[in-house]
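>>> Using only what follows, build the 3D model:
(one chain, ligands or ions: 2)
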Amino acid sequence: MERDSSPSDQFHRYKNLIQNGDNPDITKERQGASFNLYNMQCFVYENDHKLQRRQEILEFVESHREFDDPVHPHFLNRDEQIDRATRKCLAMVDNLDAIDVTDYFDEAPLYQLLTIGRELHCLSLHYGMFLPTIQVHTEKSLILGPFQMAASKAILGTFAQTELGHGSNLSKLETTATYDATTKEFVIHTPTMSAGKWWPGGLGKSANYAAVMAQLYTSGESKGPHLFMVQLRDNAHAPLPGVTVGDIGPKLGNNANDNGFLIFDHYRIPRRNMFMKYSKVEADGTYIPPPHAKLGFGAMVLVRLLMIRDQTCQLGAAAVIAIRYSAVRHSAVRQGEINEGEGEVQILDYRTQQYRLLPQLARSFPSSQRMRSRNSTSKYVTKQINNNANMELLPELHALSSGLKAVITWEVAQGIEQLRLSCGGHGYSRASAFPDMYAYAVGGCTYEGENIVMLLQVARFLMMIAKEVRSGNPKLAEIAEYIAKPDAVTARISSWKTCSDEDIIHDFEAVTRKLIFATFDRLTTLERTMKKKEAWNACSIDLCKAARMHVKTYLVKNFLARVRTCEDPASRTVMHTLAKLYAFDLISGGGGHFMKGGFLSEKQFNEVQLGIYEMLAAIRPDSVALADSWAISDLELRSVLGRRDGNVYPALLEWAQQSPLNQN
Ligand SMILES: CC/C=C\C/C=C\C/C=C\C/C=C\C/C=C\C/C=C\CCCCC(=O)SCCNC(=O)CCNC(=O)[C@H](O)C(C)(C)COP(=O)(O)OP(=O)(O)OC[C@H]1O[C@@H](n2cnc3c(N)ncnc32)[C@H](O)[C@@H]1OP(=O)(O)O
Ligand SMILES: Cc1cc2nc3c(=O)[nH]c(=O)nc-3n(C[C@H](O)[C@H](O)[C@H](O)COP(=O)(O)OP(=O)(O)OC[C@H]3O[C@@H](n4cnc5c(N)ncnc54)[C@H](O)[C@@H]3O)c2cc1C
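Ligands and ions are numbered 1, 2, ... in the order given. Sure thing, here's the model as predicted:
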């Protein structure tokens with residue numbers, strides 16, 4: 001059948017509709033902000049230098065043609081996605097001078113987002129886990145500049161720990177590394193089908209090396225899981241004899257990453273290939289244990305901390321998209337009128353919409369902020385460990401990194417989904433970026449320690465503290481000091497305007513303390529009639545609840561503390577309201593815990609609900625400017641709906657035009 005014009009021609013006709021300049025609604029929103037954007041951005045990124053670096057890195061990437069995308073990546077099949085990501089990875093590595101590669105907190109992730117986007121890729125595990133593993137587990141004299149090795153592209157590594165049969169429970173991993181003192185080698189072997197490594201990123205096609213977690217056997221004795229550096233492929237990139245390796249197929253997301261499987265058949269590696277910073281096997285097979293049994297899990301602790309910041313930035317970006325879209329969405333489709341006859345309103349004016357957007361925006365700030373200080377704590381703890389001086393802080397760091405990882409990845413994934421819904425149908429399109437963001441975030445709930453398993457680690461720590469407090473001789477980590485404070489019978493929370501930060505902290509601490517001790521009492525009662533592990537299992541839902549509340553209390557306290565450091569009064573006022581909204585929203589969502597035993601009265605609970613309404617209204621005029629305070633460029637955002645200029649509809653048409661279905 002003949003047609004008047006091709007879909008492509010028709011799109012070109014519509015393209016003429018693209019507006020010059022920014023959408024007037026979004027401009028008006030920006031003009032109405034109560035604070036100076038630059039001051040707020042400096043607060044969010046801690047100083048103007050970091051802000052300036054963001055801009056410099058953006059300009060660098062934008063000026064390099066090798067980072068351009070000839071076809072929008074959403075329209076590529078998996079092979080093409082992997083090709084694209086690999087091409088970009090090479091360009092990224094060729095231009096590493098553009099950033100401080102050791103800054104895993106700001107510069108490296110930003111550079112990666114700008115060059116490649118949200119898809120994980122063949123180098124994700126190399127940078128995300130392989131290099132951190134080398135850093136954490138290799139003696140300094142042997143590191144030989146891992147970043148130079150990466151830059152020279154000589155070694156491309158992954159982290160191969162999870163197996164078909166076991167992921168969370170490291171003690172049951174089945175891959176073996178048996179020391180042969182006659183040849184001074186380890187024999188790496190996959191003894192059963194369930195022992196096959198499964199999931200490592202970049203393993204399927206790309207990596208030629210892996211840090212492999214395997215059960216160490218020496219002098220006929222089992223010594224538990226240890227890490228080994230293993231070459232997998234030769235110089236021509238073919239698997240070495242004794243190594244079977246491949247891709248595990250498509251996944252919910254991260255499909256530009258070749259997650260793989262790996263099977264060893266009595267594969268030999270030199271003795272020095274064991275990561276021996278903490279535990280050692282001497283040439284004669286003598287085993288030297290580490291100064292702390294869990295130091296071998298150190299790389300995971302570090303990466304959990306990195307993930308927290310990385311994931312929170314995804315929530316920030318999702319909030320930016322949804323808020324900007326909500327400011328421009330009103331006239332194309334009738335959503336209803338608030339005051340009849342006065343015409344349609346921006347969807348941002350609906351209180352329900354604000355309730356979907358603003359608590360998520362609030363949620364995106366504290367965890368990104370505090371991770372900076374956690375990162376320095378981590379460096380401090382590592383230094384203590386390296387000096388062999390002090391292992392005392394290790395359980396605290398493990399509990400905190402596990403808890404934050406579990407709570408934040410969950411909240412980020414749920415938040416992104418809520419923000420997607422807030423954009424109606426367009427949120428469902430990949431053009432919005434929400435589907436990719438969600439797939440990325442939800443992966444974080446599983447990898448690097450399944451969230452429930454991580455919460456139960458926090459609970460172990462809390463139960464130990466509770467036992468110490470009850471014994472009357474507590475030696476408490478800083479994050480747990482509140483657990484020893486006296487009980488509080490009633491809540492202090494009043495109206496959001498009059499209640500102080502101390503009131504909010506008092507109430508969160510009191511409720512969490514109660515939850516911890518109620519769980520502790522239940523556990524100890526059960527332990528009288530059950531085996532310890534059975535008792536633990538029998539109250540593990542409560543254990544997780546206590547762990548979650550402990551982490552949320554930590555986040556609330558830190559958000560409020562961070563806001564107090566804001567030097568610009570106008571920015572501080574808005575951020576303070578946002579911090580209170582964050583706290584009130586958590587109380588409202590966790591009403592059961594707060595109202596239990598009459599701690600929070602019904603009147604106080606009503607104040608909380610009312611306060612949420614009022615704070616939404618108070619923040620509404622600043623919401624677009626608050627979104628802008630994340631200082632995210634369009635290239636980083638990669639969302640048609642979240643464009644800075646607000647010209648969403650022509651951009652959607654332009655995006656759809658690239659669909660291969662429209663090419664003929
Ligand atoms: C140019 C640059 C370009 C780009 C740069 C790109 C990126 C960089 C920038 C940013 C990146 C940011 C982030 C993303 C990074 C990468 C993400 C990409 C891809 C995803 C990677 C995913 C990788 C993986 O998933 S690897 C596999 C992870 N697996 C796990 O996490 C397993 C989970 N299980 C465990 O950790 C343990 O089994 C356990 C902790 C659950 C239990 O331990 P154990 O087995 O020993 O049993 P228990 O009896 O419970 O414990 C005994 C006691 O030991 C304590 N314990 C346990 N662990 C620790 C620890 N680590 N430290 C201290 N103490 C520990 C435990 O608490 C018990 O103590 P208790 O006193 O007896 O109670
Ligand atoms: C996108 C992605 C990338 C990954 N990349 C890598 C990688 O590069 N390298 C690597 O080694 N691995 C990787 N993994 C694997 C990942 O680390 C594991 O999937 C994760 O640690 C969870 O382990 P599992 O799959 O065995 O889950 P399981 O432990 O089987 O969990 C299944 C269920 O059992 C529950 N459960 C398990 N143990 C307990 C317990 N003790 N108490 C209560 N409940 C429990 C969990 O809560 C969960 O609900 C990746 C996974 C994904 C999804």
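
>>> how close does Ser97 sit to ligand 1?
Not Ser; residue 97 is Asp. Counting by Cβ to the nearest ligand atom, to the nearest Å, the gap from Asp97 to ligand 1 is 11 Å. Bear in mind the C-beta positions are built from the backbone N, C-alpha and C, glycine included.

>>> Three-state assignment for that residue, please.
What DSSP: H, G, I helix; E, B strand; the rest coil gives for Asp97 is helix.

>>> now do the one 5 residues further on
Reducing the assignment to helix, strand or coil with three-state DSSP, the entry for Thr102 is coil.

>>> Would you tell me which residues of the protein are close to ligand 2?
125, 158-162, 166-168, 199-201, 254, 259, 443, 446-447, 449-450, 452-453, 456 (Cβ under 6 Å from any ligand atom).

>>> which sections of the stretch 201-350 of the chain are below the confidence cut-off?
Scanning the stretch 201-350 of the chain for pLDDT under 70 picks out the ranges 331-342.

>>> Helix or strand: which one has the closest residue to Met464 other than its chain neighbours?
Nearest non-adjacent residue to Met464, counting by Cβ to Cβ, 6 or more residues apart in numbering: Pro395, 7.9 Å away. In this assignment (DSSP states H and E), Pro395 forms part of helix 394-422.

>>> thinking again about what came up before, what is the neighbour count of the residue nearest to Met464?
By other Cβ atoms under 10 Å, 17 other residues sit near Pro395.

>>> any idea how far it lies from Gly128?
25 Å (Cβ to Cβ, to the nearest Å).

>>> same thing with Lys552?
From Lys552 to Gly128 the distance is 27 Å (Cβ to Cβ).

>>> quick one, what contacts the closest residue to ligand 2 within the stretch 551-664 of the chain?
Residue of the stretch 551-664 of the chain nearest ligand 2, by Cβ to the nearest ligand atom: Val551 (16.6 Å). Val551 sits next to 403-404, 406-407, 458 when contact means Cβ atoms under 8 Å, 6 or more residues apart in numbering.

>>> buried stuff in stretch 502-513?
504-513 (16 or more other Cβ atoms under 10 Å).

>>> Which of those residues fall in helices?
Secondary structure defined by DSSP state H assigns 504-513 of these to helices.

>>> Return the member of those nearest to ligand 2.
The closest of those, once distances to ligand 2 are taken by Cβ to the nearest ligand atom, is Thr512, at 21.5 Å.

>>> Show me the shaky parts of the protein.
In the chain, residues with pLDDT under 70: 1-20, 141-153, 331-342, 366-390.

>>> And the strands in it, which stretches?
157-160, 176-180, 185-189, 197-198, 209-218, 221-231, 243-247, 260-264, 267-270, 280-281, 287-288 (DSSP state E).

>>> And those strands: which comes nearest Gln663?
strand 243-247 (28.6 Å; Cβ to Cβ).

>>> Look at Thr183 and say how many residues are nearby.
11.

>>> If you could redo that for Gly32, that was the one I meant.
12.

>>> Check Phe520 too.
24.

>>> ditto for the one 10 residues further on
Around Met530 there are 14 other residues, counting by other Cβ under 10 Å.

>>> what do you get for Glu481?
12.

>>> For Ile619, list the residues it contacts.
Contacts of Ile619 (Cβ under 8 Å, 6+ apart): 354, 358, 574, 577-578, 581, 626.

>>> cutoff 6 Å now
Shown in contact with Ile619 (Cβ atoms under 6 Å, 6 or more residues apart in numbering): 358, 577.

>>> Equivalent analysis for Ala579, please.
Ala579 neighbours (Cβ under 6 Å, 6+ apart): 559-560, 563.

>>> Helices of the stretch 301-450 of the chain, start to end?
351-386, 394-422, 424-428, 434-446 (DSSP state H, counting those that start in this stretch).

>>> Send me the third one as CSV with only the CA atoms.
The C-alpha coordinates for helix 424-428 follow below in CSV (Å, rounded to 0.1, in the frame of the first residue of the first chain):
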residue,chain,number,x,y,z
GLY,A,424,2.2,8.4,34.2
GLY,A,425,2.5,6.7,30.9
HIS,A,426,5.7,8.5,29.8
GLY,A,427,7.4,7.1,32.9
TYR,A,428,7.0,3.7,31.5
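
>>> now that helix, how far from the centre of its chain.
Put simply, helix 424-428 sits 24 Å off its chain's centre (Cα atoms, centre = their mean, to the nearest Å).

>>> Identify the residues contacting it?
By Cβ under 6 Å, 6+ apart, the list of residues contacting helix 424-428 reads 420, 432, 434, 641.

>>> go on, stretch 631-638?
41, 54, 58, 113-114, 117, 317, 320, 433, 643-644.

>>> circling back to that earlier point, could you export the contacts of helix 424-428 as TSV, including distance to Glu411?
Shown next, in TSV, are these (distance: Cβ to Cβ, whole Å):
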residue	distance to Glu411
Arg420	15
Ser432	20
Phe434	16
Leu641	22
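
>>> Among these, pick out the one closest to Asp106, please.
Using Cβ to Cβ, Phe434 comes nearest to Asp106 of these, at 24.0 Å.

>>> For the closest one, which non-adjacent residue is spatially closest?
Counting by Cβ to Cβ, 6+ apart, the residue nearest Phe434 is Arg420, at 3.8 Å.

>>> which one is the closest residue to ligand 1 within the chain nearest to, not counting chain neighbours?
Going by Cβ to the nearest ligand atom, ligand 1 is nearest to Gly128 of the chain, at 2.6 Å. Spatial nearest neighbour of Gly128, chain neighbours left out: Val303 (6.5 Å); criterion: Cβ to Cβ, 6+ apart.

>>> I'd like to check which residues are in contact with that neighbour.
Counting by Cβ under 6 Å, 6+ apart, Val303 touches 129, 132, 448.

>>> Does the second one touch Met300 like I think?
No. Shown here, Pro132 and Met300 do not form a contact pair, counting by Cβ atoms under 6 Å, at 9.1 Å.

>>> Which one of the two is surrounded by more residues?
Met300 (24 against 21).

>>> domains of this protein?
Split into domains by automatic domain parsing, the chain comes to 155-290, 298-472+499-627.

>>> Leu523 versus Arg470, what's the distance?
12 Å.

>>> Show me which of the two is the more surrounded one.
Leu523 (22 against 14).

>>> Nearest residue to the more buried one in space, please, no chain neighbours.
Closest to Leu523 by Cβ to Cβ, 6+ apart is Cys539, at 5.3 Å.

>>> Look up how far Met463 lies from the one you found.
10 Å.
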